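Visitor: Okay, sequence plus prediction incoming.
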Protein chains: 2
Amino acid sequence: MSETKPMTAAGRRILDAAGELFYSRGITAVGVDLIAEHSGVTKRTLYNQFGSKDQLVVAYLEEREQRWQLLVRETIAAAASPIEAVLAPLEAQRTWNQNNPRGCAFINALAELPDPTHPAHVVATQEKQWLIDLFRELAAAAGCSAPDTLATQLLVLHEGALVTQQLSLDTLSVSIKLARELVLAATSTESQAASA
Amino acid sequence: MSETKPMTAAGRRILDAAGELFYSRGITAVGVDLIAEHSGVTKRTLYNQFGSKDQLVVAYLEEREQRWQLLVRETIAAAASPIEAVLAPLEAQRTWNQNNPRGCAFINALAELPDPTHPAHVVATQEKQWLIDLFRELAAAAGCSAPDTLATQLLVLHEGALVTQQLSLDTLSVSIKLARELVLAATSTESQAASA
DNA sequence: CCTACAGTACACCGATCGGTAAAGGAGTGT
DNA sequence: ACACTCCTTTACCGATCGGTGTACTGTAGG
(Lines give C-alpha, C1' and ligand atoms only; values in the text may rest on other atoms or scores of the structure.)
Protein backbone atom coordinates (compact mmCIF):
# COMPACT_ATOMS: atom_id res chain seq x y z
CA MET A 1 0.00 0.00 0.00
CA SER A 2 2.85 2.31 0.79
CA GLU A 3 4.73 1.51 -2.42
CA THR A 4 2.74 1.09 -5.59
CA LYS A 5 5.80 0.72 -7.78
CA PRO A 6 8.95 -1.32 -7.17
CA MET A 7 11.11 1.54 -8.46
CA THR A 8 14.47 0.46 -9.82
CA ALA A 9 17.75 1.81 -8.53
CA ALA A 10 18.08 4.14 -11.49
CA GLY A 11 14.51 5.29 -10.98
CA ARG A 12 15.29 6.19 -7.39
CA ARG A 13 18.32 8.23 -8.32
CA ILE A 14 16.33 10.04 -10.99
CA LEU A 15 13.57 10.89 -8.55
CA ASP A 16 16.08 12.05 -5.95
CA ALA A 17 17.88 14.29 -8.41
CA ALA A 18 14.59 15.61 -9.76
CA GLY A 19 13.44 16.35 -6.24
CA GLU A 20 16.46 18.43 -5.43
CA LEU A 21 16.54 20.26 -8.73
CA PHE A 22 12.82 20.93 -9.05
CA TYR A 23 12.59 22.23 -5.52
CA SER A 24 15.71 24.35 -5.51
CA ARG A 25 15.58 25.77 -9.04
CA GLY A 26 11.97 25.50 -10.06
CA ILE A 27 10.16 22.98 -12.23
CA THR A 28 10.07 24.87 -15.49
CA ALA A 29 13.66 26.01 -15.16
CA VAL A 30 14.99 22.46 -14.89
CA GLY A 31 15.27 20.38 -18.04
CA VAL A 32 15.26 16.62 -18.36
CA ASP A 33 18.85 16.65 -19.60
CA LEU A 34 19.98 18.25 -16.37
CA ILE A 35 18.10 15.73 -14.26
CA ALA A 36 19.59 12.85 -16.23
CA GLU A 37 23.04 14.29 -15.79
CA HIS A 38 22.64 14.84 -12.03
CA SER A 39 21.32 11.34 -11.48
CA GLY A 40 24.11 9.71 -13.51
CA VAL A 41 21.58 8.25 -15.89
CA THR A 42 20.78 8.43 -19.56
CA LYS A 43 17.86 10.44 -20.74
CA ARG A 44 16.55 7.26 -22.31
CA THR A 45 16.37 5.60 -18.90
CA LEU A 46 14.54 8.59 -17.51
CA TYR A 47 11.88 8.27 -20.17
CA ASN A 48 11.69 4.49 -19.76
CA GLN A 49 11.02 4.98 -16.07
CA PHE A 50 8.69 7.97 -16.05
CA GLY A 51 7.36 8.35 -19.58
CA SER A 52 7.44 12.15 -19.68
CA LYS A 53 8.59 15.17 -17.74
CA ASP A 54 5.06 15.89 -16.58
CA GLN A 55 4.77 12.44 -15.07
CA LEU A 56 8.12 12.90 -13.40
CA VAL A 57 6.89 16.16 -11.92
CA VAL A 58 3.83 14.37 -10.60
CA ALA A 59 6.00 11.63 -9.09
CA TYR A 60 8.15 14.32 -7.50
CA LEU A 61 5.19 16.06 -5.90
CA GLU A 62 3.56 12.83 -4.81
CA GLU A 63 6.68 11.66 -3.04
CA ARG A 64 7.04 14.98 -1.27
CA GLU A 65 3.42 14.73 -0.27
CA GLN A 66 3.97 11.28 1.19
CA ARG A 67 7.03 12.35 3.15
CA TRP A 68 5.34 15.47 4.47
CA GLN A 69 2.16 13.71 5.47
CA LEU A 70 4.18 11.00 7.20
CA LEU A 71 6.01 13.60 9.25
CA VAL A 72 2.73 15.27 10.17
CA ARG A 73 1.19 11.99 11.25
CA GLU A 74 4.20 11.18 13.38
CA THR A 75 4.02 14.58 15.02
CA ILE A 76 0.34 14.11 15.72
CA ALA A 77 0.99 10.71 17.23
CA ALA A 78 3.63 12.22 19.50
CA ALA A 79 1.38 15.05 20.65
CA ALA A 80 0.77 15.24 24.38
CA SER A 81 -2.91 16.05 24.07
CA PRO A 82 -5.67 16.48 21.46
CA ILE A 83 -5.16 20.21 21.73
CA GLU A 84 -1.45 19.91 21.01
CA ALA A 85 -2.32 17.57 18.14
CA VAL A 86 -4.16 20.40 16.42
CA LEU A 87 -0.89 22.32 16.39
CA ALA A 88 1.09 19.34 15.14
CA PRO A 89 1.12 20.37 11.44
CA LEU A 90 2.55 23.72 12.45
CA GLU A 91 5.13 22.07 14.66
CA ALA A 92 5.99 19.64 11.89
CA GLN A 93 6.72 22.59 9.66
CA ARG A 94 9.46 23.62 12.06
CA THR A 95 11.27 20.36 11.42
CA TRP A 96 10.45 20.29 7.75
CA ASN A 97 11.67 23.81 7.01
CA GLN A 98 15.19 23.02 8.15
CA ASN A 99 15.81 20.99 5.02
CA ASN A 100 13.38 22.91 2.81
CA PRO A 101 14.27 26.60 2.82
CA ARG A 102 12.51 27.36 -0.43
CA GLY A 103 8.97 27.37 0.90
CA CYS A 104 6.18 25.03 -0.06
CA ALA A 105 6.83 22.89 -3.10
CA PHE A 106 3.13 22.66 -3.84
CA ILE A 107 2.57 26.40 -3.72
CA ASN A 108 5.60 26.87 -5.92
CA ALA A 109 4.26 24.27 -8.31
CA LEU A 110 0.91 26.06 -8.47
CA ALA A 111 2.75 29.28 -9.24
CA GLU A 112 4.62 27.67 -12.09
CA LEU A 113 1.83 25.54 -13.51
CA PRO A 114 -1.33 27.64 -13.65
CA ASP A 115 -3.24 25.19 -15.83
CA PRO A 116 -5.85 23.59 -13.53
CA THR A 117 -5.99 20.51 -15.74
CA HIS A 118 -2.28 19.86 -15.36
CA PRO A 119 -1.85 16.67 -13.29
CA ALA A 120 0.79 18.32 -11.12
CA HIS A 121 -1.59 21.18 -10.42
CA VAL A 122 -4.19 18.68 -9.25
CA VAL A 123 -1.73 16.99 -6.91
CA ALA A 124 -0.76 20.31 -5.38
CA THR A 125 -4.32 21.42 -4.73
CA GLN A 126 -5.18 18.03 -3.27
CA GLU A 127 -2.39 18.43 -0.77
CA LYS A 128 -3.84 21.71 0.49
CA GLN A 129 -7.28 20.14 0.65
CA TRP A 130 -5.83 17.31 2.71
CA LEU A 131 -4.33 19.80 5.13
CA ILE A 132 -7.48 21.77 5.80
CA ASP A 133 -9.47 18.57 6.18
CA LEU A 134 -6.89 17.39 8.67
CA PHE A 135 -7.11 20.64 10.60
CA ARG A 136 -10.88 20.28 10.74
CA GLU A 137 -10.71 16.72 12.01
CA LEU A 138 -8.12 17.60 14.63
CA ALA A 139 -10.12 20.61 15.74
CA ALA A 140 -13.25 18.50 16.08
CA ALA A 141 -11.34 15.80 17.97
CA ALA A 142 -10.07 18.45 20.37
CA GLY A 143 -13.63 19.48 21.13
CA CYS A 144 -13.60 22.74 19.26
CA SER A 145 -16.95 24.44 18.93
CA ALA A 146 -16.46 25.75 15.37
CA PRO A 147 -14.02 23.38 13.64
CA ASP A 148 -14.51 24.93 10.20
CA THR A 149 -13.52 28.43 11.24
CA LEU A 150 -10.59 27.28 13.31
CA ALA A 151 -9.37 25.03 10.51
CA THR A 152 -9.44 27.90 8.05
CA GLN A 153 -7.58 30.13 10.48
CA LEU A 154 -4.94 27.51 11.05
CA LEU A 155 -4.58 26.90 7.35
CA VAL A 156 -4.01 30.61 6.76
CA LEU A 157 -1.42 30.73 9.51
CA HIS A 158 0.25 27.62 8.16
CA GLU A 159 0.49 28.91 4.61
CA GLY A 160 1.39 32.38 5.74
CA ALA A 161 4.28 31.09 7.81
CA LEU A 162 5.36 28.91 4.92
CA VAL A 163 5.42 31.64 2.35
CA THR A 164 7.09 34.22 4.56
CA GLN A 165 9.76 31.72 5.50
CA GLN A 166 12.05 33.08 2.81
CA LEU A 167 12.19 36.42 4.60
CA SER A 168 14.48 36.77 7.55
CA LEU A 169 11.73 36.96 10.18
CA ASP A 170 10.83 33.99 12.34
CA THR A 171 7.20 33.99 11.31
CA LEU A 172 6.69 30.35 12.18
CA SER A 173 7.12 30.92 15.90
CA VAL A 174 4.71 33.83 15.79
CA SER A 175 2.20 31.71 13.88
CA ILE A 176 2.44 28.79 16.27
CA LYS A 177 2.02 31.05 19.27
CA LEU A 178 -1.03 32.69 17.77
CA ALA A 179 -2.40 29.34 16.65
CA ARG A 180 -2.11 27.98 20.17
CA GLU A 181 -4.09 30.89 21.54
CA LEU A 182 -6.78 30.33 18.93
CA VAL A 183 -7.02 26.64 19.70
CA LEU A 184 -7.19 27.25 23.43
CA ALA A 185 -9.86 29.89 22.97
CA ALA A 186 -11.89 27.68 20.66
CA THR A 187 -11.79 24.67 22.97
CA SER A 188 -12.58 26.47 26.19
CA THR A 189 -16.28 26.32 27.06
CA GLU A 190 -16.51 29.95 28.02
CA SER A 191 -17.76 33.04 26.24
CA GLN A 192 -17.18 32.76 22.54
CA ALA A 193 -19.26 34.06 19.68
CA ALA A 194 -18.76 36.09 16.53
CA SER A 195 -17.18 39.34 17.56
CA ALA A 196 -17.95 42.71 15.98
CA MET B 1 8.67 61.43 -9.64
CA SER B 2 5.82 59.11 -10.44
CA GLU B 3 7.09 58.40 -13.95
CA THR B 4 10.79 58.01 -14.45
CA LYS B 5 10.50 57.06 -18.10
CA PRO B 6 8.36 58.65 -20.81
CA MET B 7 7.38 55.18 -22.10
CA THR B 8 6.29 55.15 -25.74
CA ALA B 9 2.95 53.82 -26.91
CA ALA B 10 4.50 50.57 -28.06
CA GLY B 11 6.32 50.26 -24.75
CA ARG B 12 3.02 50.58 -22.93
CA ARG B 13 1.36 47.87 -24.95
CA ILE B 14 4.33 45.58 -24.41
CA LEU B 15 4.24 46.11 -20.67
CA ASP B 16 0.49 45.56 -20.59
CA ALA B 17 0.71 42.34 -22.55
CA ALA B 18 3.66 41.16 -20.48
CA GLY B 19 1.71 41.92 -17.32
CA GLU B 20 -1.22 39.79 -18.33
CA LEU B 21 0.84 36.93 -19.67
CA PHE B 22 3.43 36.79 -16.90
CA TYR B 23 0.79 36.87 -14.22
CA SER B 24 -1.64 34.41 -15.75
CA ARG B 25 0.79 31.89 -17.23
CA GLY B 26 3.97 32.34 -15.26
CA ILE B 27 7.16 34.18 -16.09
CA THR B 28 9.30 31.31 -17.26
CA ALA B 29 6.50 29.79 -19.30
CA VAL B 30 6.00 32.96 -21.36
CA GLY B 31 8.47 33.72 -24.14
CA VAL B 32 9.33 37.06 -25.62
CA ASP B 33 7.87 36.03 -28.97
CA LEU B 34 4.49 35.51 -27.36
CA ILE B 35 4.62 38.89 -25.64
CA ALA B 36 5.55 40.62 -28.88
CA GLU B 37 2.70 38.89 -30.65
CA HIS B 38 0.13 39.79 -27.99
CA SER B 39 1.18 43.42 -27.94
CA GLY B 40 1.11 43.73 -31.73
CA VAL B 41 4.76 44.65 -31.79
CA THR B 42 7.93 43.30 -33.28
CA LYS B 43 10.39 41.48 -31.12
CA ARG B 44 12.92 44.07 -32.19
CA THR B 45 10.84 46.84 -30.67
CA LEU B 46 10.53 44.90 -27.45
CA TYR B 47 14.29 44.66 -27.16
CA ASN B 48 14.77 48.28 -28.13
CA GLN B 49 12.43 49.27 -25.31
CA PHE B 50 13.45 46.92 -22.53
CA GLY B 51 16.83 45.49 -23.45
CA SER B 52 16.23 41.97 -22.23
CA LYS B 53 13.55 39.66 -20.89
CA ASP B 54 14.91 40.01 -17.36
CA GLN B 55 14.57 43.77 -17.49
CA LEU B 56 11.05 43.40 -18.81
CA VAL B 57 10.25 41.12 -15.91
CA VAL B 58 11.61 43.73 -13.52
CA ALA B 59 9.51 46.44 -15.18
CA TYR B 60 6.47 44.18 -14.89
CA LEU B 61 6.98 43.61 -11.18
CA GLU B 62 7.77 47.24 -10.48
CA GLU B 63 4.62 48.45 -12.14
CA ARG B 64 2.54 45.94 -10.23
CA GLU B 65 4.24 47.08 -7.08
CA GLN B 66 3.36 50.70 -7.83
CA ARG B 67 -0.27 49.92 -8.56
CA TRP B 68 -0.63 47.78 -5.46
CA GLN B 69 1.02 50.28 -3.16
CA LEU B 70 -1.14 53.04 -4.57
CA LEU B 71 -4.28 51.07 -3.82
CA VAL B 72 -3.07 50.38 -0.29
CA ARG B 73 -2.30 54.03 0.32
CA GLU B 74 -5.73 55.04 -0.93
CA THR B 75 -7.36 52.50 1.34
CA ILE B 76 -5.37 53.77 4.29
CA ALA B 77 -6.37 57.35 3.50
CA ALA B 78 -10.02 56.30 3.41
CA ALA B 79 -9.84 54.46 6.72
CA ALA B 80 -12.21 55.69 9.40
CA SER B 81 -9.68 55.41 12.20
CA PRO B 82 -6.03 54.56 12.86
CA ILE B 83 -7.17 51.12 13.95
CA GLU B 84 -9.04 50.56 10.71
CA ALA B 85 -5.98 51.85 8.87
CA VAL B 86 -3.97 48.93 10.19
CA LEU B 87 -6.41 46.63 8.45
CA ALA B 88 -6.30 48.62 5.23
CA PRO B 89 -3.79 46.39 3.42
CA LEU B 90 -6.02 43.41 4.12
CA GLU B 91 -9.07 45.28 2.92
CA ALA B 92 -7.21 46.42 -0.17
CA GLN B 93 -6.55 42.81 -0.98
CA ARG B 94 -10.28 42.23 -1.22
CA THR B 95 -10.46 44.74 -4.06
CA TRP B 96 -7.22 43.64 -5.61
CA ASN B 97 -8.05 39.95 -5.72
CA GLN B 98 -11.07 40.51 -7.91
CA ASN B 99 -8.86 41.19 -10.89
CA ASN B 100 -5.97 39.04 -9.73
CA PRO B 101 -7.16 35.51 -9.09
CA ARG B 102 -3.75 33.92 -9.42
CA GLY B 103 -2.37 34.96 -6.05
CA CYS B 104 0.55 37.24 -5.37
CA ALA B 105 2.71 38.03 -8.38
CA PHE B 106 5.74 38.58 -6.15
CA ILE B 107 5.40 35.26 -4.38
CA ASN B 108 4.93 33.57 -7.71
CA ALA B 109 8.00 35.34 -9.03
CA LEU B 110 10.02 34.17 -6.04
CA ALA B 111 8.85 30.64 -6.71
CA GLU B 112 9.97 30.82 -10.31
CA LEU B 113 13.20 32.75 -9.84
CA PRO B 114 15.06 31.27 -6.87
CA ASP B 115 18.31 33.05 -7.59
CA PRO B 116 18.62 35.77 -4.90
CA THR B 117 20.84 37.85 -7.16
CA HIS B 118 18.22 38.00 -9.89
CA PRO B 119 16.95 41.59 -10.11
CA ALA B 120 13.34 40.42 -10.21
CA HIS B 121 13.93 38.41 -7.06
CA VAL B 122 15.19 41.53 -5.35
CA VAL B 123 12.13 43.53 -6.36
CA ALA B 124 9.82 40.83 -5.04
CA THR B 125 11.50 40.61 -1.65
CA GLN B 126 11.56 44.39 -1.36
CA GLU B 127 7.82 44.46 -1.80
CA LYS B 128 7.33 42.11 1.15
CA GLN B 129 9.71 44.18 3.22
CA TRP B 130 7.71 47.26 2.37
CA LEU B 131 4.54 45.59 3.55
CA ILE B 132 5.81 44.50 6.94
CA ASP B 133 7.37 47.91 7.51
CA LEU B 134 4.02 49.45 6.65
CA PHE B 135 2.22 47.17 9.07
CA ARG B 136 4.66 48.14 11.77
CA GLU B 137 4.19 51.86 11.17
CA LEU B 138 0.42 51.55 11.10
CA ALA B 139 0.44 49.48 14.25
CA ALA B 140 2.60 52.04 16.02
CA ALA B 141 0.38 54.88 14.78
CA ALA B 142 -2.65 53.08 16.16
CA GLY B 143 -1.05 52.97 19.57
CA CYS B 144 -0.23 49.30 19.59
CA SER B 145 1.94 48.17 22.47
CA ALA B 146 4.01 45.64 20.50
CA PRO B 147 4.08 46.81 16.87
CA ASP B 148 6.67 44.26 15.78
CA THR B 149 4.69 41.24 16.87
CA LEU B 150 1.42 42.55 15.52
CA ALA B 151 3.04 43.45 12.22
CA THR B 152 4.43 39.96 11.84
CA GLN B 153 1.07 38.44 12.67
CA LEU B 154 -0.68 40.64 10.14
CA LEU B 155 1.90 39.84 7.50
CA VAL B 156 1.36 36.12 8.04
CA LEU B 157 -2.40 36.56 7.78
CA HIS B 158 -1.98 38.69 4.68
CA GLU B 159 0.25 36.21 2.89
CA GLY B 160 -1.75 33.25 4.10
CA ALA B 161 -4.95 34.71 2.73
CA LEU B 162 -3.19 35.54 -0.50
CA VAL B 163 -1.78 32.10 -1.10
CA THR B 164 -4.93 30.22 -0.15
CA GLN B 165 -6.97 32.41 -2.43
CA GLN B 166 -6.74 29.84 -5.19
CA LEU B 167 -8.67 27.37 -3.08
CA SER B 168 -12.41 27.72 -2.92
CA LEU B 169 -12.55 28.91 0.68
CA ASP B 170 -13.07 32.55 1.57
CA THR B 171 -9.92 32.77 3.63
CA LEU B 172 -9.63 36.53 3.25
CA SER B 173 -12.74 37.24 5.30
CA VAL B 174 -11.54 34.88 8.01
CA SER B 175 -8.14 36.58 7.99
CA ILE B 176 -9.58 40.07 8.21
CA LYS B 177 -11.88 39.11 11.04
CA LEU B 178 -9.04 37.57 12.98
CA ALA B 179 -6.76 40.49 12.17
CA ARG B 180 -9.33 42.93 13.52
CA GLU B 181 -9.50 41.04 16.80
CA LEU B 182 -5.72 41.08 17.05
CA VAL B 183 -5.52 44.80 16.39
CA LEU B 184 -8.23 45.57 18.91
CA ALA B 185 -6.58 43.40 21.51
CA ALA B 186 -3.19 44.97 20.90
CA THR B 187 -4.48 48.54 21.12
CA SER B 188 -6.62 48.09 24.21
CA THR B 189 -4.80 49.13 27.35
CA GLU B 190 -5.97 46.16 29.33
CA SER B 191 -4.33 42.87 30.25
CA GLN B 192 -1.91 41.80 27.58
CA ALA B 193 1.32 39.89 27.92
CA ALA B 194 2.91 36.83 26.45
CA SER B 195 0.52 34.00 27.08
CA ALA B 196 1.60 30.46 27.88
C1' DC C 1 14.81 69.86 -46.47
C1' DC C 2 17.07 67.14 -43.39
C1' DT C 3 17.95 64.71 -39.35
C1' DA C 4 16.62 61.88 -35.56
C1' DC C 5 13.99 58.46 -33.77
C1' DA C 6 10.32 54.95 -33.09
C1' DG C 7 8.79 51.18 -35.18
C1' DT C 8 8.39 47.38 -38.84
C1' DA C 9 9.70 43.36 -41.52
C1' DC C 10 12.40 39.48 -41.82
C1' DA C 11 16.01 36.65 -41.66
C1' DC C 12 19.14 34.58 -38.67
C1' DC C 13 21.97 32.88 -34.54
C1' DG C 14 23.55 29.17 -31.09
C1' DA C 15 21.51 26.91 -27.40
C1' DT C 16 18.23 24.35 -25.23
C1' DC C 17 13.67 22.38 -24.94
C1' DG C 18 10.95 17.68 -24.49
C1' DG C 19 11.17 13.42 -26.70
C1' DT C 20 12.65 9.41 -29.84
C1' DA C 21 15.34 5.61 -32.82
C1' DA C 22 18.27 1.92 -33.03
C1' DA C 23 21.45 -1.20 -31.21
C1' DG C 24 23.85 -3.48 -27.71
C1' DG C 25 25.80 -4.81 -22.98
C1' DA C 26 24.89 -6.98 -18.30
C1' DG C 27 22.31 -9.61 -15.09
C1' DT C 28 18.60 -12.85 -13.90
C1' DG C 29 15.32 -16.62 -14.17
C1' DT C 30 13.57 -20.47 -17.02
C1' DA D 1 20.72 -21.68 -24.51
C1' DC D 2 16.80 -18.62 -24.11
C1' DA D 3 14.27 -14.66 -23.32
C1' DC D 4 13.51 -10.82 -20.48
C1' DT D 5 14.27 -6.56 -18.13
C1' DC D 6 17.30 -2.78 -16.98
C1' DC D 7 20.30 0.35 -18.59
C1' DT D 8 23.67 2.19 -21.71
C1' DT D 9 25.55 4.77 -25.88
C1' DT D 10 25.05 7.85 -29.64
C1' DA D 11 22.73 10.24 -32.62
C1' DC D 12 18.90 12.61 -33.92
C1' DC D 13 14.22 15.24 -34.26
C1' DG D 14 11.26 19.61 -34.72
C1' DA D 15 10.23 23.33 -31.88
C1' DT D 16 11.17 26.97 -29.11
C1' DC D 17 14.27 29.67 -26.28
C1' DG D 18 16.47 34.59 -25.64
C1' DG D 19 18.68 37.72 -28.57
C1' DT D 20 20.75 40.15 -32.86
C1' DG D 21 21.71 42.33 -37.70
C1' DT D 22 20.09 44.86 -41.31
C1' DA D 23 17.50 47.47 -44.11
C1' DC D 24 13.27 50.01 -44.55
C1' DT D 25 9.17 53.31 -43.31
C1' DG D 26 6.61 56.79 -41.03
C1' DT D 27 6.59 60.88 -38.62
C1' DA D 28 7.73 64.87 -35.86
C1' DG D 29 11.04 68.87 -35.07
C1' DG D 30 14.74 71.99 -36.23
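Guide: All right, it came through fine.
Visitor: switch to C-alpha atoms for all contacts and neighbour counts from now on
Guide: OK.
Visitor: Determine the longest helix present in chain A.
Guide: Using DSSP state H, we find that the single longest helix of chain A is helix A:53-77.
Visitor: Which of the residues in it are classified as buried?
Guide: Buried residues in helix A:53-77, counted by 16 or more other C-alpha atoms under 10 Å in any protein chain shown: A:56-62, A:65, A:68-69, A:71-73, A:75-76.
Visitor: which residues are in contact with it?
Guide: Applying C-alpha atoms under 8 Å, 6 or more residues apart in numbering or on different chains, the external contacts of helix A:53-77 come out as A:15, A:18-19, A:27, A:32, A:50, A:85-86, A:88-89, A:91-92, A:96, A:105-106, A:119-120, A:123-124, A:127.
Visitor: Got a quick ChimeraX command for the buried subset of those?
Guide: Here is the ChimeraX command that selects the buried residues among the contacts of helix A:53-77 (16+ other C-alpha under 10 Å):
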select /A:15,18,19,27,32,50,85,86,88,89,91,92,96,105,106,120,123,124,127
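Visitor: Considering only the contacts of helix A:53-77, which also neighbour DNA strand C?
Guide: A:Val32 (C-alpha under 7 Å from any atom of the strand).
Visitor: Tell me which entries of the contacts of helix A:53-77 lie within helices.
Guide: When DSSP H defines the helices, the subset of those inside them is A:15, A:18-19, A:32, A:50, A:85-86, A:88-89, A:91-92, A:96, A:105-106, A:119-120, A:123-124, A:127.
Visitor: can you list the residues of chain A near DNA strand D?
Guide: Counting by C-alpha under 7 Å from any atom of the strand, the residues of chain A that sit close to DNA strand D are A:8-11, A:40-45, A:49.
Visitor: Format those as JSON lines; extra columns: neighbour count.
Guide: JSON lines is the format used below for the residues of chain A next to DNA strand D (neighbours: other C-alpha atoms under 10 Å in any protein chain shown):
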{"residue": "A:Thr8", "neighbour count": "10"}
{"residue": "A:Ala9", "neighbour count": "9"}
{"residue": "A:Ala10", "neighbour count": "16"}
{"residue": "A:Gly11", "neighbour count": "18"}
{"residue": "A:Gly40", "neighbour count": "13"}
{"residue": "A:Val41", "neighbour count": "16"}
{"residue": "A:Thr42", "neighbour count": "16"}
{"residue": "A:Lys43", "neighbour count": "17"}
{"residue": "A:Arg44", "neighbour count": "10"}
{"residue": "A:Thr45", "neighbour count": "14"}
{"residue": "A:Gln49", "neighbour count": "18"}
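Visitor: for the residues you listed, which one is nearest DNA strand C?
Guide: DNA strand C lies nearest to A:Arg44 out of those, by C-alpha to the nearest atom of the strand, at 4.9 Å.
Visitor: got a list of what the residue of chain A found nearest chain B touches?
Guide: Nearest residue of chain A to chain B (C-alpha to the nearest C-alpha) works out as A:Gly160 at 3.6 Å. Residues in contact with A:Gly160 (C-alpha under 8 Å, 6+ apart) are B:155-161, B:163.
Visitor: try 6 Å this time
Guide: Contacts for A:Gly160 (C-alpha atoms under 6 Å, 6 or more residues apart in numbering or on different chains) come out as B:156-157, B:159-160.
Visitor: Break chain A down into its structural domains.
Guide: A:7-51, A:57-187 (automatic domain parsing).
Visitor: Can you add mean pLDDT and give the ones you listed back as JSON lines?
Guide: Converted to JSON lines, the domains of chain A look like this (pLDDT from 0 to 100):
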{"stretch": "domain A:7-51", "mean pLDDT": "96"}
{"stretch": "domain A:57-187", "mean pLDDT": "97"}
